[in-house]
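**Q** okay, predicted coordinates and the sequence, questions at the end:
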Amino acid sequence: NQNSSFRLFDEESLTGEVIRKKEPVFLLEQQLKERRQKGSIVGSSPKVYIGVPLISKGTVIGVLAIQNYDDEKAYSKVDLDLLLAVSKQIAIGIERKQLSDALKKSEARYRALSENSQDVIMRFDRSLKHLYVNQAVEKHGLRAADLIGKTPGQLNFSDQHVELIETSIQKVFDTRHVHRVEFEVVEDVWLDWLLCPEFSSDGSVDTVIIFARDITERKQAEFSRSCYDRINKIIISSSDVEVMLNGILDEMLDIFECDRSWILFPCNPNADYYEVPFLRSRPEWNIDSGIRLDTSPRTKEIFEEVLG
């Protein structure tokens, strides 16, 4: 392809010889004439030629060459040594540029994934300051820009949450291991935090990255299953209806953290009265069960709404 920016070199050419041998080639006029006769040189033959390989991780990635068409004595071993030193620096520079380009591409891919993630992603340094926060944090009423450069203690979090967060992050720095924690960030909103260490070139933990997922629905489902299991256990283990109903009402006090729970009968908007045959309450809210109450207009509305 004439438009290609790459050129393939014949193994028998001077450049090919440097690449094949992986070592410097220093040729004077007579040696170059011999190479020309063998077809290793196309065009005019120089008086002197030096070619050194550019080696990165044991692989030749290029050739640095100089030649002179007028003076065979233009270059000496001093020039060869200088060229070798320069070639090493060039190879290092190319390697660093390749690493830099690869890192930029990797960071771009990571940022694209991070910014489109539904999970909150955060990175903390050893001073426990936010280095990075993705946009998913805005679902929780926070702005990513407001968190950068600040520790959890500098934000509007409760002391309990600050201690939990900072202790969890510090644990990863200290242990060098992945850590997981679940906590209720506000009432009825639960988060699952996966904290992972990020290592520097010397093997030390440089930063900690956190993947925070909203697990509120899962927690609610777990709570519901737990409630069903507790009620079902009472139903199965009770041989007496009264014991069973009172046991269920006791569980209701605990599950809903309420002051009073009861069962009324009948739930009939057209009935003149209703009774409360079973009732359980906290000591400070105790009243006797078995009471009978007249069905008021408001009670009738509530019964109709419940029966829906």
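**A** Arrived safely. Residues are numbered from 1 along each chain as shown.

**Q** switch to C-alpha atoms for all contacts and neighbour counts from now on
**A** Noted.

**Q** need the nearest residue in space to Leu83, chain neighbours excluded.
**A** In space, and not counting its chain neighbours, Leu83 is closest to Val52: 7.1 Å by Cα to Cα, 6 or more residues apart in numbering.

**Q** can you list the strands that the helix or strand where the one you found lies pairs with?
**A** Secondary-structure assignment from DSSP states H and E places Val52 in strand 48-56. As defined by DSSP bridges, the strand partners of strand 48-56 come to strand 25-27 (antiparallel), strand 59-68 (antiparallel).

**Q** redo these as a markdown table? Include mean pLDDT and mean neighbour count.
**A** Below are those laid out as a markdown table (pLDDT from 0 to 100; neighbours: other Cα atoms under 10 Å):
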| stretch | mean pLDDT | mean neighbour count |
| --- | --- | --- |
| strand 25-27 | 92 | 19 |
| strand 59-68 | 90 | 17 |
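
**Q** before we move on, the earlier item: how many neighbouring residues does the residue nearest to Leu83 have?
**A** Burial of Val52 is recorded as 27 neighbouring residues (other Cα atoms under 10 Å).

**Q** please name the residues that touch it.
**A** By Cα atoms under 8 Å, 6 or more residues apart in numbering, the residues touching Val52 are 18, 23-25, 63-65, 83-84, 87.

**Q** in the stretch 101-250 of the chain, which segments are predicted with low confidence?
**A** Low-confidence segments of the stretch 101-250 of the chain (pLDDT under 70): 107-108, 110-116.

**Q** all strands for it, in order.
**A** 120-124, 130-133, 179-186, 189-199, 205-214 (DSSP state E, counting those that start in this stretch).

**Q** winner for burial among those?
**A** strand 120-124 (a mean of 22; mean count of other Cα atoms under 10 Å).

**Q** who are the contact partners of the most centrally placed residue in the chain?
**A** The centre of the chain sits closest to Phe211, judged by Cα atoms, centre = their mean, with a distance of 4.8 Å. For Phe211, the contact set (Cα under 8 Å, 6+ apart) comprises 119-122, 193-195.

**Q** same list (the residues you listed) but as a markdown table, adding distance to Ala74.
**A** Compiled in a markdown table, the contacts of Phe211 are given as follows (distance: Cα to Cα, whole Å):
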| residue | distance to Ala74 |
| --- | --- |
| Asp119 | 66 |
| Val120 | 65 |
| Ile121 | 61 |
| Met122 | 60 |
| Trp193 | 68 |
| Leu194 | 65 |
| Leu195 | 63 |
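
**Q** and the furthest pair within those residues?
**A** For these, with distances taken as Cα to Cα, the pair at the greatest spread is Asp119 and Leu195 (13.0 Å).

**Q** now do the residue nearest to Pro46 when sequence neighbours are not counted against Lys88, distance only.
**A** Spatial nearest neighbour of Pro46, excluding adjacent residues (Cα to Cα, 6+ apart): Tyr69 at 4.2 Å. When Cα to Cα, to the nearest Å is applied, the distance between Tyr69 and Lys88 equals 26 Å.
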